[in-house]
Structure formats: C-alpha cells, structure tokens
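> this is a predicted model, with the sequence first.
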Amino acid sequence: MSFSSLVLLFVGSALINNFILSRFLGICAFLGVSKRLETALGMGAAVTFVMTISGAVSWAIQRYILVPFHLPFLQYVVFILVIATLVQFLEMVIRRYSPSLYEAFGIYLPLITTNCAILGVALLVAGSDYGLLETLVFSVGSAVGWTLAIVLMAGLREELEFADVPLSLQGPALSLLIAAIMSLTFMGFSGLVPAS
Amino acid sequence: MLSSILAASLSMGLLAVAFAVLLVWASRRFTVQEDPRVELLANLLPGANCGACGFSGCSGFAKAAVEGKAPADGCRAGGPGVAARVAEVLGVAAPAGVTRQVAHVFCAGTQALAKRTGEYRGLPDCRAAELVSGGGKACTYGCLGFGTCVEACPFDALTMGPEGLPVVDERKCTGCGICTQVCPRGVIQLVDAGRRTFVNCLSPLPGKLVRQVCQAGCIACNICERLCEHDAIHVLGNLATITPELCIACGQCSAKCPTHVIECRREEEAGEALPAGAGQAAS
C-alpha cells in the first residue's frame, strides 16, 4: 500500500464520499447539534473518536472472529455492541474530564450509539478488503469529513441567526435546504480523483 | 448448523464479557464524585423547571443550593413546604416568614366594558400587541387579553375567561411569577394567598380620563376611602389602594364602588393560605 493511495483513500472518504453530504448517513446529529460552532466541534471530536476506534475494533472482529468462524451474519449485532460500549466508555470519560462538554452534548452523546454513520463505517470496512492501516485511514477520513460538514453547517446556521428569513423557510426547512446546497457543492469533489 | 450456533453464542458471549469488564473498569476509574444532596434536592423540587428561582431549571437550582449560591427558600413555586424541606437537606435553619403567593389580574376591563380604539391584526401575543400602539385597547394600563400569560404558565393555572381577561386558578397557581414577567403591562402581580379585596385597576390617570377609556376603571372618586371604617383603603395617585393588613374584607367599599372595580371575595371564595407543597407532602 503506497502512501499516495492512503492519501487518496483519506481524501476520498472525507470529501468525495462524505458521509453526510454524499452518503447521507448521520443526518440526525448533523441537524440536531449544528446550532452552535462549539458544540458542533465537540460532537465532531466525539464522533471522530468513536468512529476511529469502532472502525478498528470492527475490522479486528470481522477479520479474526466473524470470518474464521463463518459468522458474517452477526455483523450488525456485534458492531452495534461495539459502538454502544464505546459510547458508554466515552460518556464516562467526557463526564469526568469535561463536564461542560458533557452538558453541551446532552442527549446527542448517547445518540451516537444510533448514529448510522458510525455503523456505516463499521459495515463498509467489514465489506471491504482493507488492512488495519487502511481501515484507520478510512475511519479517520470519514470522521474528519463528517466533522467538516457539521462544522460548516454550524457556521452557516450561526450566521443565519441574524438573517431575515421568510416565514415559510424558517427553522428546519432552511436547514434542509442548506444541507442540500452543501451536498451539491460536495458533489464537485467527485472530479478530484479519477474513477477507479 | 449446531457448531455455527455454538460458535455464534460463544463468540458473542465472550465479546459481551470483554466489553462488560471494560465498562466496569471505566466506571470505577472515571467516577464523578457528585454531592448526593443535589439529587435529593432535585427530587424534592416541583420539577416544573419554571426558572422563577433564576437558575436553569430545578436541577440548576439544586446544584446552586448545595453550593450555597441559592437560598433555601429560593424555589418560589415550591413555597414554604418545599423551602422547609430544602433547608432540612442543606442543614440550615428553616426560612421563616415565607407565605404562599398567587397571581392576581389587576384589570376589570372586559371586552364589554373597556373601550377599543381600533382592530389589532398582528401576532396574537400581548408583547407584540404592546409594541403596536397597544393592541387596540384604549386604556394603556389594562389587560391586552391575548393570553400571553396563559401560554407562559407552566402550571396550567391561567385560563382565558370568556370576557377577554385571564382567570387565575389559585389552587394550581404556585406563585412562580412567570406570568408577571411576560405581561408587558404588569397587569398580573403576585399577592398573598388568602387576600380577599382587590382594586382591579392600575390606571394612575385622573378619573375623567379613565372614564373615557373604560367603564370598569378606578376613577379616584374617594367613596371607598370615606366609607372604610378600618383605614384600609386610600386613594393614592388617582388609584384606590388597599392595605391588606388592615382590611377585614367587610365589602363596604366593593358594594358602593360606582364602577365596581373593587373586588371583595366572600370567605369561602378566597384562596387557601395553605403553604404550597402541603398537598405534595401528603401524597
């Protein structure tokens, strides 16, 4: 595995196949926690942490338990177990070391458990022939892409607080429109890497 | 087939045990020492998260009270009953002299009696209407009647009456004071529960001007002041004002008031002066 292909994998997972804007996974937190830049960054950090570790752990479980014992049908159950455990773990750590971040996350930290983007990474990794290094690069890339999208969204929404929005577009309607336009923009990245 | 089931259950079981061990270790390692009194207090409080104490919800107040930043009787919605138990948990002397308060609407200008200057077609919210030339009511001191207080009440104690004035259900009212804050004209005020006489007008204008805008306003005619044998009602600044400590609720002033703006409740109608939370303590 050459270095350049790892870079391509990173760029591909972060920008071209962005989890929110082109795979449409993890939308609930994307719309729920993107009101303030600070919370969006924290959420991005939490997702990055869970996504990277759950990607690697899922990869190991797929490779060393599920495949040798012919149990690929257990993928969903096991991966959800892994993610739930990691979220619990992360919750304890954050509560211990950053109570303000813990308060800011509120319900969204436990909700990472059901964040489809994280299960998405685990399943995509399991379905691919990635090695450990590639898995890590892919997971971090996906998480960085997810964070990038939510932070951009939070920035836009903070600016919009002061905008004069027509009544019919206020609230979720405008958020969804912005998400759609961002998604269109990110489609432009697909020209970055020649189709393989 | 059987081996597959065995392998599946074994691997799942082992993984579950491994994760369980990790979580148990983490919960030991990363425990957060929280004062147990915070949770105890949070359970004592009414739980309406009305914010009348000035903290973010009941848990915010519980935290502040334990840290000594909030007084034991800070929970206005809870009243003396809750204050006493909060003081008990905190180990401080029970606060004395807290009487239960309820909201009262100081306006008698119903749709039939108050004059209107125009039709307001904006947002049905008193605060919005107040910004737009007073929402159509000629009197600039009376109730606007759009029910902002009714919507704001976290305890469902306010309803909009048929005549366009909010009605307080004193059994439900906890005296949190949210309605007094949202009312742009300050028509709703907190009074001691059990008080029986009220001058339901806030207009400080001279009688002539009050008459021009409302048939149910205080016109400062002084009849009540002359009638009162207990020196309990005085016209101050064109508005009859009752001194509740002296008033025995005989009803003389109420009966003779030319605009019927003085309300005098019979004893059985008056709100109970029971401490709030007494009912909760029993349950």
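Everything's here; your move.
> okay but B:Val187 is in contact with B:Phe106, surely?
Yes. Counting by Cβ atoms under 8 Å, B:Val187 sits close enough to B:Phe106 to count as a contact (5.6 Å). For the C-beta atoms, the positions are set from N, CA and C on the backbone; glycine is no exception.
> out of the two, which sits in the busier spot?
A direct count of neighbours by other Cβ atoms under 10 Å in any protein chain shown for B:Val187 and B:Phe106 places B:Val187 higher, at 25 against 22.
> which residues touch that one?
B:Val105, B:Phe106, B:Cys107, B:Tyr141, B:Gly142, B:Cys143, B:Leu202 (Cβ atoms under 8 Å, 6 or more residues apart in numbering or on different chains).
> so the first one touches B:Leu144, yeah?
Think B:Val105. No. B:Val105 lies out of contact with B:Leu144 (Cβ under 8 Å); the separation is 11.6 Å.
> dihedrals phi and psi, B:Leu158?
Dihedral angles of B:Leu158 (phi, psi; degrees, to the nearest 10) stand at phi -110, psi 140.
> contacting residues around it?
With contact set as Cβ under 8 Å, 6+ apart, B:Leu158 has these partners: B:Ala103, B:Gly147, B:Cys149, B:Val150, B:Pro166, B:Val167, B:Val168, B:Asp169, B:Cys173, B:Cys179.
> ok, the closest residue to the last one other than its chain neighbours - contacts?
Which is B:Cys179. Among residues not flanking B:Cys179 along the chain, B:Cys149 sits closest, at 3.8 Å (Cβ to Cβ, 6 or more residues apart in numbering or on different chains). B:Cys149 makes contacts with B:Ala103, B:Cys126, B:Leu158, B:Pro166, B:Cys179, B:Val182, B:Cys183, B:Ile188, as judged by Cβ under 8 Å, 6+ apart.
> format the residues you listed as CSV; extra columns: distance to B:Gly251 and secondary structure.
Supplementary listing: the contacts of B:Cys149 in CSV, determined by distance: Cβ to Cβ, whole Å; DSSP: H, G, I helix; E, B strand; the rest coil:
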residue, distance to B:Gly251, secondary structure
B:Ala103, 23, strand
B:Cys126, 32, helix
B:Leu158, 26, strand
B:Pro166, 24, strand
B:Cys179, 27, helix
B:Val182, 33, helix
B:Cys183, 28, coil
B:Ile188, 24, strand
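> ranges for the helices of chain A?
Taking DSSP state H as the test, the helices found in chain A are A:3-11, A:27-32, A:37-61, A:75-97, A:99-105, A:108-111, A:116-127, A:132-160, A:172-187.
> just the C-alpha atoms of the fifth one, please, in PDB.
Output for helix A:99-105, consisting of C-alpha atoms alone and laid out as PDB, is shown next (Å, rounded to 0.1, in the frame of the first residue of the first chain):
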ATOM      1  CA  PRO A  99     -18.400  18.400  32.400                       C
ATOM      2  CA  SER A 100     -19.300  21.500  30.300                       C
ATOM      3  CA  LEU A 101     -18.800  19.400  27.100                       C
ATOM      4  CA  TYR A 102     -20.900  16.700  28.700                       C
ATOM      5  CA  GLU A 103     -23.700  19.200  29.400                       C
ATOM      6  CA  ALA A 104     -23.500  20.600  25.900                       C
ATOM      7  CA  PHE A 105     -23.800  17.200  24.300                       C
END
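> now do that helix: everything it contacts.
Contacts of helix A:99-105 (Cβ under 8 Å, 6+ apart): A:Val33, A:Glu38, A:Thr39, A:Gly42, A:Met43, A:Ala46, A:Glu91, A:Ile94, A:Arg95, A:Leu109, B:Val32.
> what about the fourth one, distance to B:Ser27?
Using Cβ to Cβ, to the nearest Å, one obtains 22 Å as the distance from A:Gly42 to B:Ser27.
> settle it for me: which of those two has more neighbours?
Neighbour comparison, A:Gly42 and B:Ser27: the larger count goes to A:Gly42, with 21 against 12 (by other Cβ under 10 Å).
> which residues do B:Val187 and B:Phe106 both contact?
Common contacts of B:Val187 and B:Phe106 (Cβ under 8 Å, 6+ apart): B:Leu202.
> picking up where we left off before, just the buried members of the contacts of B:Leu158?
B:Ala103, B:Gly147, B:Cys149, B:Val150, B:Pro166, B:Val168, B:Cys173, B:Cys179 (16 or more other Cβ atoms under 10 Å in any protein chain shown).
> could you dump those to CSV with distance to A:Gly145 and pLDDT?
Below are those laid out as CSV (distance: Cβ to Cβ, whole Å; pLDDT from 0 to 100):
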residue, distance to A:Gly145, pLDDT
B:Ala103, 53, 91
B:Gly147, 48, 89
B:Cys149, 49, 92
B:Val150, 48, 93
B:Pro166, 53, 93
B:Val168, 56, 92
B:Cys173, 53, 88
B:Cys179, 49, 90
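> from those, which two are the most distant?
Pairwise distances across those peak at 15.8 Å for B:Gly147 and B:Cys173 (criterion: Cβ to Cβ).
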